[in-house]
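Chemist: got a predicted structure here, sequence first:
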Amino acid sequence: MKLSIIIPVYNEEKTISKVIDAVLRIKFKIPTELIVVDDGSTDDTVKQIDRKKVKLIVHGKNKGKGAAVRTGIDSATGDYIIIQDADLEYDPKFIVTLLDYVLDNKAKVVYGTRLKRMPHLGKEESKPRFLLHYFGNRSLSLVTSVFYGQWLTDMETCYKLFPKKALNGITLKSRRFDFEPEITAKLIKKGYKILEVPIETKPRGYDEGKKLNTFKDGSMALFTLIKYRFVD
């Protein structure tokens, strides 16, 4: 078995080198490949990646996170795939945690949930914007649970571990952050049961480069969930 780790990146010159190093330091139980897809960065991101021993694919122009992930999936040679964000929110050590459930034959699709808990009002969710993210993500996950018949707490999580063969016959169309609801909807419709495993993250602020737009991307995610409930 082989694991493909895909890192979509756009203008993350300050963090991408640290993220790649963190992934490469992990001692995985199976062979891995690290695929970094630069989505048309205009800063020194590519220069930082060029110094690393990874497979680098460069988009000539910015196409969106979903498009970058799809490019990475098309180039993946692993039996399993997981996405790693290019900032420092997600600690790659949790990839090992998720992978253990697959290696122990306890699940075929594993999500790392950040939200199987109450809001951290004394920590990151003490700020209104991040509290809004918390309830927005929980609401989208509730919609997913109701529409697709599987209880999820964090549909929007970056850490989605799934077999590449699960995508056989599936056409992914998302270009932005609608990748998360699209792949979730299509995996469930194909009959896969999603196991959620708690993980911890260190959310960054908008002043640090966070790109998610709560209302725009949240509305797109909701529309995507509803759309793929009735169409392929």
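Modeler: On my side now, so go ahead. Numbers count the residues shown, from 1 in each chain.

Chemist: give me the most central residue, this protein.
Modeler: C158 (2.3 Å; Cα atoms, centre = their mean).

Chemist: mind checking pLDDT for it?
Modeler: What the model reports as pLDDT for C158 is 94.

Chemist: ok, now which ones touch G72?
Modeler: Counting by Cβ atoms under 8 Å, 6 or more residues apart in numbering, G72 touches S4, I6, I7, P8, I35, V37, I57, I83. To be clear about C-beta, it is placed using only N, CA and C from the backbone, and glycine gets the same treatment.

Chemist: ok, and the closest non-adjacent residue to the fourth one?
Modeler: With sequence-adjacent residues excluded and distances taken as Cβ to Cβ, 6 or more residues apart in numbering, P8 is closest to A68, at 3.5 Å.

Chemist: repeat for the second one
Modeler: In space, not counting the residues next to it along the chain, I6 is nearest to G72; the distance is 3.5 Å by Cβ to Cβ, 6+ apart.

Chemist: so that neighbour versus K164, what's the distance?
Modeler: In this structure, G72 and K164 are 11 Å apart, going by Cβ to Cβ, to the nearest Å.

Chemist: now do the helix-or-strand element of the chain with minimal mean pLDDT: which elements does it pack against?
Modeler: Every helix and strand in the chain was compared by mean pLDDT, DSSP states H and E; the lowest is helix 128-148, with a mean of 83. Helices and strands touching helix 128-148, as assessed by 3 or more Cβ pairs under 8 Å, 6 or more residues apart in numbering; DSSP states H and E, comprise helix 179-189, helix 214-230.

Chemist: in a markdown table: the ones you listed, plus mean pLDDT and mean neighbour count.
Modeler: Rendered in a markdown table, the data for the helices and strands packed on helix 128-148 read as follows (pLDDT from 0 to 100; neighbours: other Cβ atoms under 10 Å):
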| stretch | mean pLDDT | mean neighbour count |
| --- | --- | --- |
| helix 179-189 | 96 | 23 |
| helix 214-230 | 86 | 16 |
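
Chemist: switch the ones you listed over to JSON lines; also include distance to N168.
Modeler: Formatted as JSON lines, the helices and strands packed on helix 128-148 follow (distance: least, Cβ to Cβ, whole Å):
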{"stretch": "helix 179-189", "distance to N168": "11"}
{"stretch": "helix 214-230", "distance to N168": "17"}
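
Chemist: so what sits against both of G72 and K164?
Modeler: In the contact map built from Cβ under 8 Å, 6+ apart, the residues linked to both G72 and K164 are S4.
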